[in-house]
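Novice: Need coordinates for the following:
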Amino acid sequence: MARIYFVRHGRTVLNEQRRTQGRSDSPLTPEGRVGAEICRDYLAEVPFTRAYFSPQGRVQETGGILLQAHPGVEPVNLTGLREYNYGIYDGGPDPVMHAALPAEQHLPAVLAGVHPGAPDGITAREYLADVDAALARILADLRAAAASGQTVDNVLVVSHGMTLMTIMARWVGPEIYAMAPMANCAVTTVEVTPAAVDGAPRLLAWAEDPGNQGVTYPVRDFSSAFVGVVPVPIDWEHPEGVAAQDS
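Specialist: The predicted structure follows:
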């Protein structure tokens with residue numbers, strides 16, 4: 001068995017300014033660093049065997065703090081763990097993006113793989129392919145470790161709000177949108193069976209907020225928007241950074 005601890009990055013300057021942060025980046029605020037340090041201490045006793053980070057700066061900064069308690073773990077950067085690209089709305093005021101991409105329309109269309117993306121952004125299919133490649137890589141590494149005799153694996157994954165929600169909605173189920181919001185430095189824990197093709201995920205803990213960081217966006221329940229939505233199945237066949245095997 002293995003456990004994956006998914007952590008959202010710490011609070012950033014753009015979070016505080018209520019500006020859309022997808023491909024745009026900004027450093028952690030002092031409060032964000034404190035939240036990451038609290039999260040570090042919260043996870044200090046977990047015997048992590050591996051870690052995977054988004055290459056974006058706010059995740060690198062957060063992950064570096066978290067791994068201060070685990071100096072022997074070298075993180076692997078996966079491009080598929082990057083945040084969604086909001087195109088022309090990236091870096092601009094959140095209300096402008098939300099008006100152009102209402103969550104109750106945008107998110108179900110992304111999960112279903114039909115959203116064309118914002119201008120200068122990324123299509124849903126392109127985004128999901130990247131996310132799937134990252135998740136498939138993590139599962140492939142767990143499977144290889146299990147095959148070599150490693151019986152317990154604890155994995156740290158540090159990424160972004162929408163990307164983590166997208167992973168969970170398609171892997172665990174879209175009912176997660178009716179659950180508590182994913183705060184900065186929130187920890188979501190999933191138990192997996194590496195031998196299973198999809199890892200047979202079992203949600204153990206959802207969006208625990210050890211630093212009481214909360215969220216910087218309005219929270220509302222729009223879970224009804226996902227009724228009848230059929231998410232695109234996760235592609236487990238193309239793990240990021242793993243060469244295709246000859247048939």
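Novice: which residues sit in contact with the nearest residue to P55 once chain neighbours are set aside?
Specialist: Once flanking residues are discounted, P55 sits nearest to N77: 4.5 Å by C-beta to C-beta, 6 or more residues apart in numbering. For the C-beta atoms, the positions are set from N, CA and C on the backbone; glycine is no exception. Shown in contact with N77 (C-beta atoms under 8 Å, 6 or more residues apart in numbering): 52-55.
Novice: Which residues outside stretch 136-154 are in contact with it?
Specialist: 1-5, 46-50, 52, 76, 78, 80, 155, 157, 192, 194-195, 198-199, 234-242.
Novice: 7 Å - rerun?
Specialist: Stretch 136-154 is contacted from outside by 1-4, 46-50, 52, 78, 155, 157, 192, 194-195, 199, 235-236, 238-242, using C-beta atoms under 7 Å, 6 or more residues apart in numbering.
Novice: Stretch 51-68 now?
Specialist: The contact list for stretch 51-68 (C-beta under 7 Å, 6+ apart) reads 7, 9-10, 12, 25-28, 33, 36-37, 39-40, 43, 73, 75-79, 81-83, 138, 156-160.
Novice: Going by neighbour count, list what's buried in it.
Specialist: 51-54, 56, 58-63, 65-67 (16 or more other C-beta atoms under 10 Å).
Novice: tell me the centre residue of this structure?
Specialist: Within the chain, one residue has its C-alpha closest to the average C-alpha position: by C-alpha atoms, centre = their mean, that is L164, at 2.5 Å.
Novice: okay, it: pLDDT?
Specialist: Per-residue pLDDT puts L164 at 98.
Novice: ok, it touching R8?
Specialist: Yes. At 5.9 Å, L164 and R8 qualify as touching, with contact defined as C-beta atoms under 7 Å.
Novice: any residues in contact with both of those two?
Specialist: M182.
Novice: For L28, which non-adjacent residue is closest in space?
Specialist: Going by C-beta to C-beta, 6+ apart, L28 has G10 as its nearest residue, at 4.6 Å.
Novice: which SS state does D130 fall under?
Specialist: Following DSSP: H, G, I helix; E, B strand; the rest coil, D130 is assigned to helix.
Novice: Need phi/psi at the closest residue to it other than its chain neighbours.
Specialist: Excluding the flanking residues, the one nearest D130 by C-beta to C-beta, 6+ apart is G80, at 4.2 Å. Backbone torsions for G80, taken as degrees, to the nearest 10, come to phi -70, psi -10.
Novice: Need the pLDDT of G80.
Specialist: 98.
Novice: ok now do it, which residues does it touch?
Specialist: Contacts of G80 by C-beta under 7 Å, 6+ apart are 130-131, 133-134, 240.
Novice: what do you get for T49?
Specialist: 153-155.
Novice: all strands of the protein, in order?
Specialist: Here the chain has its strands, by DSSP state E, at 2-8, 50-53, 75-77, 153-159, 187-192, 202-208.
Novice: would you turn those strands into CSV with distance to A145?
Specialist: As requested, the strands of the chain are arranged in CSV below (distance: least, C-beta to C-beta, whole Å):
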stretch, distance to A145
strand 2-8, 8
strand 50-53, 8
strand 75-77, 13
strand 153-159, 6
strand 187-192, 12
strand 202-208, 19
